[in-house]
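Asks: One predicted model, sequence on top.
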Protein chains: 2
Amino acid sequence: MAQTVGGLGEIALVDRIIAATRAVKGPRKGVVVVGAGDDAAVLAAPDGRVVVTTDVLVESRHFRRDWSSAEDIGVKAVAENLADIAAMGARPTGLVIGLALPPETEVAWVDGFLAGVLAEAGRVGAALAGGDVVRADVIFVSVTAMGDLEDREPVLRSGARAGDVMAVSGRLGCAAAGLAVLSRGFRSPRALVDAHRRPEPDYTAGIRAAKSGAHALMDVSDGLLLDAGRLAKASGVSIDLDSAVIPVDEVLVSTAAAYNLDPLTWVLGGGDDHALLGAFAKGATLPEGFTAIGKAAKCDPDGPVVSVDGRAPAFMPGFEHFRS
Amino acid sequence: MAQTVGGLGEIALVDRIIAATRAVKGPRKGVVVVGAGDDAAVLAAPDGRVVVTTDVLVESRHFRRDWSSAEDIGVKAVAENLADIAAMGARPTGLVIGLALPPETEVAWVDGFLAGVLAEAGRVGAALAGGDVVRADVIFVSVTAMGDLEDREPVLRSGARAGDVMAVSGRLGCAAAGLAVLSRGFRSPRALVDAHRRPEPDYTAGIRAAKSGAHALMDVSDGLLLDAGRLAKASGVSIDLDSAVIPVDEVLVSTAAAYNLDPLTWVLGGGDDHALLGAFAKGATLPEGFTAIGKAAKCDPDGPVVSVDGRAPAFMPGFEHFRS
């Protein structure tokens, strides 16, 4: 019979996690001053400021163990937090993780989850610096990520100016399409299902954008329309998107056709790919990997905050966890 | 009918939390560089290193809404994290919080919880810098606290040396006794029930200990015997405690007598008061608030890691969340 965390016990489980954490070669040199195992960890913060963000994932709501492997869930939990650090123009340095587990959870699941966490953190040289493990009836994961600004100013949502070019880096709509595919009982196209299971944010795109002088930057986690609206409101501008130039993955087009849907539903409304949306000065050269998709303009109090091709979008998904 | 978080919706709830956070005058000047509301927050880390710790609390397991008010739970969740920062000899700077809530949770509960969080953080000038709110079937709270070392070295668990004086600051056993009282259906003695509901760690005791050259320092969260054992193991020493000098609150003595118990059961085995256990050089003046309770000695491989009055303790509570 497979070993469970209840059978192993909390102390042995924590020792096992700490041992796995210490064994990885992922973190950049000097990032970890004091690692897991003491009352608290100590991470380097050479800039003299620390960027910090936290996200909570709840089983059945943010992930399903029958749709995603333990490793997938570890990758995803870390990726969505590191993407928020990158969206400030910072470089991720470390993570702490809270994990609530039912006692019947297999130890192999925890091992897989941890492997995903360490692999994703390792992609950017960030360290798993500590955590907490408790008992619960469903799996809860909380991740807090930290990052360093490397002497640059943080790039906020509020800095876009009228006249700015709006540009994105990364995929849009693929994770949402993957979730739609899984919800209908399918496991392909694999590229979309994988996009849902394991987002692959480009964590250096935010740093490139910051270095190139981006006025505003934001992680697209709840869908382009909703998040562009947040950026526009924070900046006091309106944003018009040009549907003809928004990148649409070929596989989205074919899958949407099979489902008799408009792929823009996913591209404009779907989150979880962790693309970056930035505002750049008109005429400036966009950093590598960014594509212009629209413009910021002076806010018209009577007009929509976000428009597509000059018109209020046909649908404006509100992302509401509490309403079903 | 009372308003619920499901009725209010996630976006309005987050806006409400951000507004309450911005309204407080608690944080020390300059601690918050970028507050809640962007992709991530930015906190000052003047030392160039950041101390970080995280803890998870699950309803019914770590708190009960019929035993503790929303404000109590906010205080407790923050206190146990700030105590870990203090136990490194650091000064707390900020927090991020993840909150999973059933949709039927009353908005007034969230307001109370947040008031407790902000009050406790305000006691040390720390800021609530950000968070995440999601939906779940039970309340789940994750807190991550950060702190600054102010150019001191972190005081680890592993620094105790043979010959050191072991000393504690803060109460022992009161929170555990309060929980025992509540578990038996009583609400008094109030001092003990309050100790369970709202621990009152002295967050500056760790800084005083660090400044006075403490060799090792640890937050007593799972009970003196268990935590002294962890410190002893990390330091490669054994620790002998002197029961005659361990501080025992008068109310513990009278309550234990009423229950026909030995108060040392709570004092040695109970956690959650967040006393600080430190190791200090023999002959050194102990920092204000610390009381000598024992000595560290060379580890005897055949003897107990922790002894009381020279003997292996009659009971050695193992703190195991996963076994019931």
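Replies: The structure has been received and is ready for your questions. These numbers come from a predicted model, not from an experiment.

Asks: Need the residue closest to the centroid of chain A.
Replies: A:E80 (2.5 Å; CA atoms, centre = their mean).

Asks: and the residue lying closest to A:V245 once chain neighbours are set aside, what are its phi and psi?
Replies: Nearest residue to A:V245, sequence neighbours excluded (CB to CB, 6 or more residues apart in numbering or on different chains): A:I293, at 5.7 Å. For the C-beta atoms, the positions are set from N, CA and C on the backbone; glycine is no exception. Main-chain torsions, A:I293, degrees, to the nearest 10: phi -130, psi 0.

Asks: For A:I293, list the residues it contacts.
Replies: A:166-168, A:241-242, A:245-247 (CB atoms under 8 Å, 6 or more residues apart in numbering or on different chains).

Asks: Next one: the helix or strand bottoming out on mean pLDDT in chain A, is it in contact with chain B?
Replies: Ranked by mean pLDDT, DSSP states H and E, the weakest helix or strand in chain A is helix A:10-23, scoring a mean of 90. Yes: for helix A:10-23 and chain B, the contact criterion (CB under 8 Å from any CB of the partner chain) is met by A:10-11, A:13.

Asks: Then stretch A:138-146?
Replies: Yes: Stretch A:138-146 reaches chain B (CB under 8 Å from any CB) through A:138, A:140, A:142, A:144-146.

Asks: Buried residues, the least confident helix or strand of chain A. List them.
Replies: By 16 or more other CB atoms under 10 Å in any protein chain shown, the buried positions in helix A:10-23 come out as A:10-11, A:13-14, A:16-18, A:20-21.

Asks: could I get it in CSV with only the CA atoms?
Replies: C-alpha atoms of helix A:10-23 as CSV (Å, rounded to 0.1, in the frame of the first residue of the first chain):
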residue,chain,number,x,y,z
GLU,A,10,4.3,15.6,10.2
ILE,A,11,7.9,15.7,11.5
ALA,A,12,9.2,13.1,9.1
LEU,A,13,7.3,14.8,6.2
VAL,A,14,8.9,18.2,6.9
ASP,A,15,12.3,16.5,7.3
ARG,A,16,11.8,14.9,3.9
ILE,A,17,10.8,18.2,2.3
ILE,A,18,13.7,20.0,3.8
ALA,A,19,16.1,17.3,2.6
ALA,A,20,14.7,17.5,-1.0
THR,A,21,15.0,21.3,-0.9
ARG,A,22,18.6,21.2,0.2
ALA,A,23,19.5,18.7,-2.5
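
Asks: Now find how far off-centre it is within its chain.
Replies: For helix A:10-23, the gap between its own C-alpha mean and the chain's C-alpha mean amounts to 26 Å (CA atoms, centre = their mean, to the nearest Å).

Asks: Output the contacting helices and strands for that helix.
Replies: Applying 3 or more CB pairs under 8 Å, 6 or more residues apart in numbering or on different chains; DSSP states H and E, we find helix A:10-23 packed against helix A:107-123, strand A:127-135.

Asks: List the residues that contact A:F290.
Replies: A:167-169, A:205, A:209, A:276, A:278, A:280.

Asks: so what's A:F63 bridging to?
Replies: A:E59 (DSSP bridges).

Asks: Was I right to think it contacts A:K76?
Replies: Yes: A:F63 lies in contact with A:K76 (CB atoms under 8 Å); the separation is 6.7 Å.

Asks: intersection of neighbour lists for the two?
Replies: In contact with both A:F63 and A:K76: A:L57, using CB under 8 Å, 6+ apart.

Asks: between the two, who's got more neighbours?
Replies: Using other CB atoms under 10 Å in any protein chain shown as the criterion, A:F63 and A:K76 rank with A:K76 on top: 26 against 20.

Asks: which is the next helix or strand following the helix or strand encompassing that one?
Replies: Using DSSP states H and E, A:K76 sits in helix A:70-86. With elements assigned by DSSP H and E, the helix or strand that comes after helix A:70-86 is strand A:91-101.

Asks: Count the residues that sit near the residue of the stretch 101-250 of chain A found nearest chain B.
Replies: The minimum distance from the stretch 101-250 of chain A to chain B, using CB to the nearest CB, falls at A:S142 (3.5 Å). Using other CB under 10 Å, A:S142 has 33 other residues around it.

Asks: Pull up the gap between it and A:G98, please.
Replies: To A:G98, A:S142 is 4 Å away according to CB to CB, to the nearest Å.

Asks: what is in contact with these two at once?
Replies: In contact with both A:S142 and A:G98: B:54, B:56, B:98, B:142, using CB under 8 Å, 6+ apart.

Asks: contacting residues for the second one?
Replies: Contact partners of B:V56, counting by CB under 8 Å, 6+ apart, are A:98-100, A:132-134, A:140, A:142, B:140-142.

Asks: now do the first one
Replies: The contact partners of B:T54, taken as CB under 8 Å, 6+ apart, are A:96-98, A:130-132, A:142, A:144, B:81, B:142-145.

Asks: Partner strands of the strand or helix carrying it, with direction?
Replies: Using DSSP H and E, B:T54 falls within strand B:49-58. When pairs are called by DSSP bridges, strand B:49-58 turns out to pair with strand A:41-44 (antiparallel), strand B:140-148 (antiparallel).
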